[in-house]
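1. coordinates for the following, if possible.
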Amino acid sequence: MGRYADVTKYLNEFLRHHLPDRSWTSIFVNFTGPTAVHRDQHNVKGSENHLVCVGPCEEGGLWIEQDKQCVDAFDLERFIQQDIDLDTADFRLRQLGFPTDIRNSVKMMIQENSVMAVEHEVVKVHKAAGHPSSRNLARIVKDAGHLPWKVKATLDYRCPTCDSLKKGGYSAGQVPWAATHALYRAWEAVVVDSGEWLVPGRKRKYKFLLFMDVATKLRVIQPLFGYDFLEMKAENAEHLIKGLAERWLGTYPKPKFLLMDSAKSFISEKAHDFASTINVILHFTAEKEPWANGVIEAATQDVKHTATAIQMENLDQDPEVTLYLTVAALNSTEYVAGFTSFQWAFGQSYHLDDEDVRTFAVLPEGHGYDFGRLVTARQQAEEVARSTRAKRALSKLSNTVVRQPLREYSPMDLVKVWRKVWPMELRRGNRGGFKKSGRPHWIGPGRVIFSEILPHQVEGDGRRHILWVLVGSHLLRCSAHSVRPVSETERFVYETSGVEKPSMWKTLADILPKREYVDITDRNLRMMSLNFLKYHLDRTRRRLPQAFDCEPKQRFVLVSMQKDQFVIVYKQKP
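-> Predicted coordinates:
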């Protein structure tokens, strides 16, 4: 651009003044005319464009919608600056350039006060409609013809009152293994399991071994043998060694860990010797604990259900071919972090194009026809695999208990805890404690003291599943799914009640509960004489006799004894 060197220098200095922390590779200038958004070879994913508009921009606009005819117009007089408007909002371009996604770009030219006004209106409408779900309210707003950014604001709104009415989770006292442990990398761990499939339409069963990478969920199957459906046969160590060497080690990288159950063929001496020879660590789950190997158990069930559905479509098909089609279909349809197992392993996924469909349609009878039918069966197998996996997901969701989502809490956050006790404001227990209840309730509010870090968690792992919450004088160890933040109404009531005195807090020791004593001197007790106590006291065991004169459902507890003087404390029998 040697012809316009001075103009280029001026534009660069102008941009450096307004964008001191940015850099650019090219500048596009347009003078009062329609144009498309500039893009060059640098407009890849992650790049940014900056728009500078100078002048009145009468009837001007920027193409930020999916439809080219839909233009979001803007006027510079609506902004703070009078003559120059520098829109420093970043345009994250797609790999092919504009148009950008509507969700990310539709609110770029909206004033902040307009957004706040719409948010207040959403709160008002949500309360007036009886606290419906955000999805239903957003559908109503969309049907009313409002702008897309208003529909998105309605969909993103979360009502604190509705969140406070949501139940907590029931904690089993243990944190899930995969929730806090470091996950396996690709090709690092392979899980193995044996399965038995009853072939539909035939009185035979097939034994197979299933290998699956834990990270990418890539499945490899090894059919072993078929036998009568009334017989019982099991695999041996030779089958495991041959299947692992042929089906996995011959094609894929050698794993570091081999995860298996406690079957006799897996824990045999031959299997240990082979794993030691190839330098692979064996890990076995406990006996009769299939849940500990749940990933491969679910994969085996998917293989059985999908293979049965595929075999029912063609009863004359070889069962081994059906098993291979099943695994190929599952590897092509199950997505892990946005990609299928085949895409993680080989970089691309198999699919039929129009040319393949036309070719298979004109194939004559014979071997070519069989191949075309096999390819078509593979496509049908993928549809069956999707349906099988969807049914299993729905079954899991139907048996899942609704619980609070996993959130991150900071120390001193005000929260409520889900427990099977009555809230203090409804009913108190003995000596100011909690009264047990048959159903759980939200108790509190309480302060989060700290989040527990488990010993096996690596440094930098931010996942926290165990919280210690101080509710009154009780320090509770809670699951993160049984804790929720308080609503604004609950926070206001608690902070104005005077229960806490934050002005007196200096250290964490001022917040933690201390020893408490209950004054019972004013209670009407029928004290027995000291001589009677002294006579009946068992000095060897230092406890009161079982029979003594007192009111029903009451007892005396001896707390100290000094020189024939007894201090007796009244205690209500639970």
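
2. strands of the stretch 151-300 of the chain, start to end?
-> 189-198, 204-213, 219-228, 257-260, 281-284 (DSSP state E, counting those that start in this stretch).

3. can you list those in JSON lines and add mean neighbour count, mean pLDDT and distance to Pro445?
-> For every residue, glycine as well, the C-beta is placed using N, CA and C. Shown next, in JSON lines, are the strands of the stretch 151-300 of the chain (neighbours: other CB atoms under 10 Å; pLDDT from 0 to 100; distance: least, CB to CB, whole Å):
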{"stretch": "strand 189-198", "mean neighbour count": "21", "mean pLDDT": "92", "distance to Pro445": "43"}
{"stretch": "strand 204-213", "mean neighbour count": "22", "mean pLDDT": "93", "distance to Pro445": "46"}
{"stretch": "strand 219-228", "mean neighbour count": "18", "mean pLDDT": "92", "distance to Pro445": "48"}
{"stretch": "strand 257-260", "mean neighbour count": "20", "mean pLDDT": "92", "distance to Pro445": "43"}
{"stretch": "strand 281-284", "mean neighbour count": "14", "mean pLDDT": "90", "distance to Pro445": "44"}
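
4. could you export those strands as JSON lines, including distance to Gln343?
-> What follows is these, written out as JSON lines (distance: least, CB to CB, whole Å):
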{"stretch": "strand 189-198", "distance to Gln343": "19"}
{"stretch": "strand 204-213", "distance to Gln343": "13"}
{"stretch": "strand 219-228", "distance to Gln343": "14"}
{"stretch": "strand 257-260", "distance to Gln343": "24"}
{"stretch": "strand 281-284", "distance to Gln343": "28"}
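
5. out of these, flag the one nearest Leu330.
-> strand 219-228 (5.7 Å; CB to CB).

6. any idea how this structure splits into domains?
-> Following automatic domain parsing, the chain resolves into domains at 1-109, 113-157, 189-396, 414-454+464-510, 530-572.

7. in terms of mean pLDDT, which of the ones you listed ranks lowest?
-> Within the domains of the chain, confidence is poorest for domain 530-572, with a mean of 46 (mean pLDDT).

8. for Thr308, see how far away Thr322 is.
-> 9 Å (CB to CB, to the nearest Å).

9. one more: Lys501?
-> For Lys501 relative to Thr308 (CB to CB), the value is 67 Å.

10. these two: which has the busier surroundings?
-> Thr308 (17 against 8; other CB atoms under 10 Å).

11. does the more buried one sit in a helix or strand, and which one?
-> helix 294-313 (DSSP states H and E).

12. Arg439 too?
-> strand 436-452.

13. hmm, who's touching whichever helix or strand comes after that strand?
-> Under the assignment DSSP H and E, the closest C-terminal helix or strand after strand 436-452 is strand 466-471. By CB atoms under 8 Å, 6 or more residues apart in numbering, the surrounding residues in contact with strand 466-471 are 175, 409, 415, 417, 443-452, 454, 475-480, 483, 511-513.

14. buried subset of those?
-> Applying 16 or more other CB atoms under 10 Å to the contacts of strand 466-471, the neighbour count classes 175, 409, 415, 417, 443-449, 451, 476, 478-480, 483, 511 as buried.

15. check which residues of stretch 294-307 are buried.
-> 296-297, 299-300, 302-307.

16. list the contacts of it.
-> 191-193, 195, 197, 208, 210, 212, 214, 217, 219, 221, 259, 290-291, 319, 322-323, 326-327, 329-330, 381, 384-385, 388-389, 391-392.

17. same deal with stretch 406-415?
-> Here stretch 406-415 has contacts from 444-451, 462, 464-465, 467, 469, 480-481, 483-486, 491, 494, using CB under 8 Å, 6+ apart.

18. what about that stretch, start to end distance?
-> Taking CA to CA, to the nearest Å, stretch 406-415 runs 14 Å from one end to the other.

19. so for that stretch, what gets flagged as buried?
-> 409, 413-415.

20. pick out the most distant pair among the residues you listed.
-> Of all pairs in those, the most separated under CB to CB is Tyr409 and Leu414 at 9.9 Å.

21. helices of the stretch 251-400 of the chain, start to end?
-> Ranges of helices in the stretch 251-400 of the chain, per DSSP state H, counting those that start in this stretch, are 269-277, 294-313, 319-333, 341-346, 354-361, 367-398.

22. ok, Tyr227 to Asp21 distance?
-> For Tyr227 relative to Asp21 (CB to CB), the value is 72 Å.

23. do the same with Tyr10
-> 20 Å.

24. between these two, which is the more surrounded one?
-> Tyr10 (11 against 4).

25. can you list contacts of stretch 216-233?
-> 186-187, 198-199, 203-212, 235, 239, 242-243, 246-248, 251-252, 299, 303, 319-320, 323-324, 326-327, 330-331, 334, 336, 341-342, 344-345.

26. measure it end to end?
-> 31 Å.

27. now stretch 449-464
-> First residue to last in stretch 449-464 (CA to CA) measures 13 Å.

28. make JSON lines out of the buried residues of stretch 294-307 and add distance to Lys506.
-> Below are the buried residues of stretch 294-307 laid out as JSON lines (distance: CB to CB, whole Å):
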{"residue": "Ile296", "distance to Lys506": "55"}
{"residue": "Glu297", "distance to Lys506": "54"}
{"residue": "Ala299", "distance to Lys506": "56"}
{"residue": "Thr300", "distance to Lys506": "59"}
{"residue": "Asp302", "distance to Lys506": "59"}
{"residue": "Val303", "distance to Lys506": "63"}
{"residue": "Lys304", "distance to Lys506": "64"}
{"residue": "His305", "distance to Lys506": "63"}
{"residue": "Thr306", "distance to Lys506": "64"}
{"residue": "Ala307", "distance to Lys506": "68"}
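
29. of the residues you listed, closest to Val125?
-> Asp302 (44.2 Å).

30. the closest one and Leu394, how far apart?
-> 14 Å.

31. what about Thr216, how many neighbours?
-> Residues near Thr216, counting by other CB under 10 Å: 23.

32. ok, for it, nearest residue in space, not its chain neighbours?
-> Computed as CB to CB, 6 or more residues apart in numbering, the closest residue to Thr216 that is not its neighbour in sequence is Trp344, at 4.1 Å.

33. and that neighbour, how many neighbours?
-> 21.

34. contacting residues for it?
-> 186, 216, 218, 336.

35. neighbour-wise, give me the winner out of the residues you listed.
-> That'd be Leu218 among the contacts of Trp344, by other CB under 10 Å, with 25 neighbours.

36. could you measure from that residue over to Ser349?
-> 12 Å.

37. can you check which residues contact both of these two?
-> Phe342.

38. from Val471, how far out is Gln343?
-> 49 Å.

39. who has more neighbours, these two?
-> Val471 (22 against 17).

40. and that one, how far is that from Lys501?
-> Val471 is 17 Å from Lys501, by CB to CB.

41. same check, this time on Pro132
-> 40 Å.

42. Gly195 now?
-> 64 Å.

43. what do you get for Met232?
-> Distance from Met232 to Lys501, by CB to CB: 72 Å.

44. again, but for Ser341
-> Taken as CB to CB, the span from Ser341 to Lys501 is 59 Å.
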